[in-house]
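Colleague: Kindly return the folded structure for what I paste below:
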Amino acid sequence: MPNMKALVEWFSMSIVVTIDNVATLATTSTTVASITLPLIEPLYRINVGGSAYTDSNNNLWSADSYYQGGQVFLASQQAIANTQDDVLYQSARWSAQGLVYDIPVSLAAEYHVRLLFADTFRGTSQPNQRFFSVAVEAVTLSSRFDITDTAGWATATELSASVNVADGSISIRLDPITGGDTPKLSGIEVLGTQAAADALFGTTTTTSAPTTTRQPLPRAWKRYNVTLGHYQSDEYESPSCCSLG
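Modeller: The predicted structure is shown next:
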């Protein structure tokens, strides 16, 4: 199983509040918080029914794993529409009894799951021939999913959902429906969400002491020294007696 920490990148940002104080003619800048946020990388990419594969975006998909039963279907010469990665959709796993994948995760949290499909069997090249239900963690993504009716024959399509996992495993079920051909699946991608990252790593918040910078004062606000005959540059009181020429 992948190490989640190895799949996380980080970026930092600071929130700075600047206040101009007219009464004291000073500017105060305070760093209110310094926050580190994780960016989650995919935890799993599985080429269902196939071997390890690197896609057009240089992402690595592992060989088929975590399945219960089913058989492999290959259409290695079939061109697939709506994708640059035909290989991902040329392989599939199917089962007349239904397909089940149980994918282990180490954290009770929310995950985003993408399921990839393409019907490449010529016997189900028309709508209303292959249809089945699809659920992830008991969340129904489709009660009657017809790949060909949704996207067309030999055309890539997908279903996705964010689900909460509490038992250490993401359960994916594709169940047959009477009158329809067997469930069929070509790929699985599992991503951690920000909620999962927060639960695992938390966020870091720090508050720093304010810093104050005095700004140059306008001439009218400097005290005129009658005796010396000039303005005293370090005084900040408004003149009360003399004309400021």
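Colleague: so A161 is in which element?
Modeller: Assigned by DSSP states H and E, A161 falls within strand 157-165.
Colleague: now I103
Modeller: strand 99-104.
Colleague: got the angle between whatever helix or strand comes next after that strand and strand 99-104?
Modeller: Counting by DSSP H and E, the element after strand 99-104 in chain order, helix or strand, is strand 109-117. Angle of strand 109-117 versus strand 99-104, following axes from the mean of the first three to the mean of the last three C-alpha atoms, to 10 degrees, is 150 degrees.
Colleague: Which residues does strand 109-117 contact?
Modeller: For strand 109-117, the external contacting residues (C-beta atoms under 8 Å, 6 or more residues apart in numbering) are 43, 48, 88-89, 105, 134, 136, 141, 145, 147, 151, 156-165, 170, 172, 184-193, 195-196, 199-200. All C-beta atoms are positioned from the backbone trio N, CA, C, and that covers glycine.
Colleague: Kindly recompute the last result at 7 Å.
Modeller: For strand 109-117, the surrounding residues in contact (C-beta atoms under 7 Å, 6 or more residues apart in numbering) are 88-89, 105, 134, 136, 147, 156-165, 170, 185-193, 195-196, 199.
Colleague: Please indicate which of those are buried?
Modeller: By neighbour count, with 16 or more other C-beta atoms under 10 Å, the contacts of strand 109-117 hold 88-89, 105, 134, 136, 147, 156-159, 161, 163, 165, 170, 185-193, 196 as buried.
Colleague: Helices of the protein, residue ranges please.
Modeller: Using DSSP state H, the helices of the chain run over 86-90, 147-151, 194-201.
Colleague: Tell me how this structure divides into domains.
Modeller: According to automatic domain parsing, the chain comprises the domains 43-192, 218-245.
Colleague: Quick check: which of those domains is buried the most?
Modeller: The highest mean neighbour count among the domains of the chain, using mean count of other C-beta atoms under 10 Å, belongs to domain 43-192: a mean of 18.
Colleague: re earlier: helices or strands up against the strand holding A161?
Modeller: Under the contact criterion of 3 or more C-beta pairs under 7 Å, 6 or more residues apart in numbering; DSSP states H and E, strand 157-165 touches strand 109-117, strand 132-136, strand 139-145, helix 147-151.
Colleague: looking at these, which is closest to G98?
Modeller: strand 132-136 (7.6 Å; C-beta to C-beta).
Colleague: who does that closest one touch, helix- and strand-wise?
Modeller: Against strand 132-136 (3+ C-beta pairs under 7 Å, 6+ apart) you get strand 139-145, strand 157-165, strand 169-176.
Colleague: which residues does S125 contact?
Modeller: With contacts defined as C-beta under 7 Å, 6+ apart, S125 is in contact with 148, 153.
Colleague: again but with A108, I slipped
Modeller: A108 touches 165-166, counting by C-beta under 7 Å, 6+ apart.
Colleague: now it: how far from D102?
Modeller: Applying C-beta to C-beta, to the nearest Å, the value for A108 to D102 is 15 Å.
Colleague: Compute the first-to-last residue distance for stretch 175-188.
Modeller: One end of stretch 175-188 to the other measures 16 Å (C-alpha to C-alpha, to the nearest Å).
Colleague: can you list contacts of that stretch?
Modeller: Stretch 175-188 is contacted from outside by 44, 46-49, 73, 88-89, 91-96, 98-99, 101, 115-119, 124, 129-133, 144, 172, 174, using C-beta under 7 Å, 6+ apart.
Colleague: Where does the prediction get shaky in this protein?
Modeller: Along the chain, the parts satisfying pLDDT under 70 run over 1-41, 195-245.
Colleague: Run through the residues that contact P42.
Modeller: By C-beta under 7 Å, 6+ apart, the contact list for P42 reads 189-191.
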